[in-house]
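Visitor: A structural model of the following input is requested.
(chains A and B)
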Amino acid sequence: MSDAKAAPYASPYLAGVGVGVVLLLAFVLMGRGLGASGAFSSVVAAAVNTAAPAHAAGNAFYSGYLTDGAANPLRDWLVLEIIGVVIGGLASGLLARRIRWTTERGAGITDRRRFVNAFVGGTAMGVGAKLARGCTSGLGLTGGATLSVGSWLFIIAAFVGAYAAAPLLRRAWR
Amino acid sequence: MMGGAPFYEFGRFGEGTSLVIAVLLGIAFGWFLEQGGMGNARKLSGQFYFTDLSVLKLMFSAIVTAMLGLFWLSWAGLLDLSRVYVPETFIAPQIVGGLVFGVGFATGGLCPGTSCVAAATGRKDGLALIAGMLAGVFVFGEAFPAIDRFADSTARGAWTLPQALGLSQGTVVGILVAVALGAFAGAEWLERRAEHPARPMKLAA
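Guide: Numbers count the residues shown, from 1 in each chain, chains lettered A, B, ... in the order given. The predicted model follows:
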């Protein structure tokens, strides 16, 4: 695929209205919003349950994600939604010729450094999202639109945390 | 008049259909995230250096769209707002969790949902971030018995801004629309100052 043919990204306002309509459809059809980190929790809980069932059963965090006994993540709403996100992202990227087997990083760091940053950042987000009971999707979008107090506190705190850390990481993106 | 929505809550369809809907809504969600450039960590990270504020624009456009839709459908009697799930409030864990999450967001350059779009479009850093997320959830799970008292503290249930502020839903919706419009104007001004927003990355040599 030639790089020159990659379509420019859509307006973030238009894409945002699109996400908002999807979120509204979720409310209208399901009575619940969108999410992401909950899918990761279901996968981890199922993996722990497979490796050490007694350990998972004795832990209130894991067992909370293993409620229906079957503990099959493929029957979990958010896991299926996230599988959809992967399909939708792939379809959009294919049509816009934006699929690249590459690593997004600044010129000042190596690929390996970028992977370390992504892994460490992901780990922090995993811990933070579970402590807060949601992430930018489940709290940010769903809680933002339903006017949840805790969700708006999370959104503000997340931007504060990000802007506090960003000056230390400037080199990673330059 | 009692409305017909949310349809699943009123038993219009079963669990099997709800799972098909999950996949379809996810596809549309992923589509719009990719269209908006949210699968590209370099573009997302511009948010934290005031060069490309697409994250703020996309998030607030989505929130305002869904919020206004909920408000009008409820006002028209087509949707029973009391049957729509409101994420529960746990004041202290959500502030601390938000701070930790934000540091991770700036470090990783993607959030949990957008990391899936990044990975789906071939970005290896997206895969590394997904691995980190799974590790982080596992760390939290293992630590949970030691920190559950804090994690479950300051619980306020399905507490909403209209309840907390003593204002009507319409007033809060109006304030948030005004805040979003102000934020959009500020974002446009910051981007004009910062010259060129990030483009899709050139193929690495």
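
Visitor: Can you list the low-confidence ranges for the chain?
Guide: Since no chain was named, I'll use chain A. Counting by pLDDT under 70, the low-confidence segments of chain A come to A:1-4, A:68-71.

Visitor: nope, chain B please
Guide: Scanning chain B for pLDDT under 70 picks out B:1-3, B:196-205.

Visitor: try 90
Guide: The model of chain B has pLDDT under 90 over residues B:1-4, B:194-205.

Visitor: Without its sequence neighbours, what residue ends up closest to the residue nearest the centre of it?
Guide: Nearest residue to the geometric centre of chain B (Cα atoms, centre = their mean): B:M59, 6.5 Å. Sequence neighbours aside, A:G140 is the residue nearest to B:M59 in space, at 6.1 Å (criterion: Cβ to Cβ, 6 or more residues apart in numbering or on different chains). Placement of C-beta: from N, CA and C, glycine included.

Visitor: Next, count neighbours for B:V172.
Guide: When neighbours are counted by other Cβ atoms under 10 Å in any protein chain shown, B:V172 registers 19.

Visitor: Kindly report the same for A:K5.
Guide: Residues lying near A:K5 (other Cβ under 10 Å) number 9.

Visitor: Could you measure from the closest residue to it other than its chain neighbours over to A:G128?
Guide: Closest residue in space to A:K5, ignoring its immediate chain neighbours: A:R97 at 5.0 Å, by Cβ to Cβ, 6+ apart. Using Cβ to Cβ, to the nearest Å, A:R97 is found at 35 Å from A:G128.

Visitor: okay, those two: which has more neighbours?
Guide: A:G128 (30 against 15).

Visitor: doesn't B:R156 fall inside a strand?
Guide: Yes - counting by DSSP: H, G, I helix; E, B strand; the rest coil, B:R156 is part of a strand.

Visitor: isn't it right up against A:S148?
Guide: No - look at B:R156 against A:S148 with Cβ atoms under 8 Å: they stay out of range, at 9.7 Å.

Visitor: so what sits against both of these two?
Guide: Here B:R156 and A:S148 have B:88-89 as joint contacts, going by Cβ atoms under 8 Å, 6 or more residues apart in numbering or on different chains.

Visitor: Pick out whichever of the two has more residues nearby.
Guide: Set side by side, B:R156 and A:S148 show more neighbours around A:S148, with 28 against 16, by other Cβ under 10 Å.

Visitor: is that one in a bridge, and if so with what?
Guide: When bridges are called by DSSP bridges, A:S148 pairs up with B:T160.

Visitor: hang on, isn't it packed against B:T89?
Guide: Yes - contact criterion Cβ under 8 Å: A:S148 and B:T89 qualify, at 6.3 Å.

Visitor: tell me, what's touching the two both at once?
Guide: When contacts are counted by Cβ under 8 Å, 6+ apart, A:S148 and B:T89 are jointly contacted by B:158-159.

Visitor: Where do the helices of chain A begin and end?
Guide: A:12-30, A:37-51, A:53-57, A:60-64, A:77-95, A:111-132, A:144-145, A:149-165 (DSSP state H).
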